[in-house]
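K.L.:
Sequence plus predicted model, see below.
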Amino acid sequence: MVRQVIPEEIVQRVGRVLVDVVEDGTGTSAQLGTFQVAGKSGTTRLYSPEGGYESGAYWSSFVGFFPAEDPQLVVFVKLERPQGAYYGGAVAAPVPEPRCKLRWLLVQRISIEHV
């Protein structure tokens, strides 16, 4: 058995916050409709080898898991130097949506076939 490092109450509280990010925050474009998704978007400026940050250069990211109440899949998307929009919630969060639905259907089918 694996020892639980974080108390269950804290795990549940953080999970609810991550669901709120997708339902009402910066990750709304990661919503799947059928499943409740929990996740977090991120945006960071790229560091310049000369020191400081590169002008207009970003990493945009989104990490999420679903179904939020019983996680089965985790998705991480990182886009380096996106063109145009660059906030993680705007450009990285929408990327997994079609792939997640397909992957979830495949997982469900495999589970049903092996019952």
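P.N.:
Now that the structure is in, tell me what you want to look at.
K.L.:
Whichever strand or helix holds residue 77: partners in the sheet, and parallel or antiparallel?
P.N.:
Element membership of residue 77, judged by DSSP states H and E, is strand 73-80. Note on strand 73-80: by DSSP bridges, its sheet partners are strand 53-66 (antiparallel).
K.L.:
which residues in this structure form helices?
P.N.:
Using DSSP state H, the helices of the chain run over 8-24, 88-91, 96-113.
K.L.:
Lowest average confidence across these, which one?
P.N.:
The minimum mean pLDDT among the helices of the chain belongs to helix 96-113 (a mean of 54).
K.L.:
give me the number of residues near the residue lying closest to residue 22 once chain neighbours are set aside?
P.N.:
In space, and not counting its chain neighbours, residue 22 is closest to residue 37: 4.6 Å by CB to CB, 6 or more residues apart in numbering. All C-beta spots, glycine's among them, are computed from the backbone N, C-alpha and C. When neighbours are counted by other CB atoms under 10 Å, residue 37 registers 28.
K.L.:
Now for residue 37: which residues touch it?
P.N.:
Listed by CB atoms under 8 Å, 6 or more residues apart in numbering, the contact set of residue 37 reads 19, 22, 27, 30, 31, 64, 65, 66, 67, 68.
K.L.:
what's the spacing between it and residue 51?
P.N.:
From residue 37 across to residue 51, the span is 38 Å (CB to CB, to the nearest Å).
K.L.:
Over to residue 40?
P.N.:
Per CB to CB, residue 40 is found 29 Å from residue 51.
K.L.:
ok so, going back, buried stuff in the strand holding residue 77?
P.N.:
Within strand 73-80, the residues scored as buried using 16 or more other CB atoms under 10 Å are 73, 75, 77, 79.
K.L.:
How about stretch 31-40?
P.N.:
Residues of stretch 31-40 classed as buried by neighbour count (16+ other CB under 10 Å): 31, 32, 35, 37, 38, 39, 40.
K.L.:
Restricted to strands, list those.
P.N.:
Those of those mapping onto strands are 38, 39, 40, per DSSP state E.
K.L.:
separation between the second one and residue 46?
P.N.:
For residue 39, the distance to residue 46 (CB to CB) stands at 22 Å.
K.L.:
ok now stretch 25-35, how far from the chain's centre?
P.N.:
Mean-position distance between stretch 25-35 and its chain equals 9 Å (CA atoms, centre = their mean, to the nearest Å).
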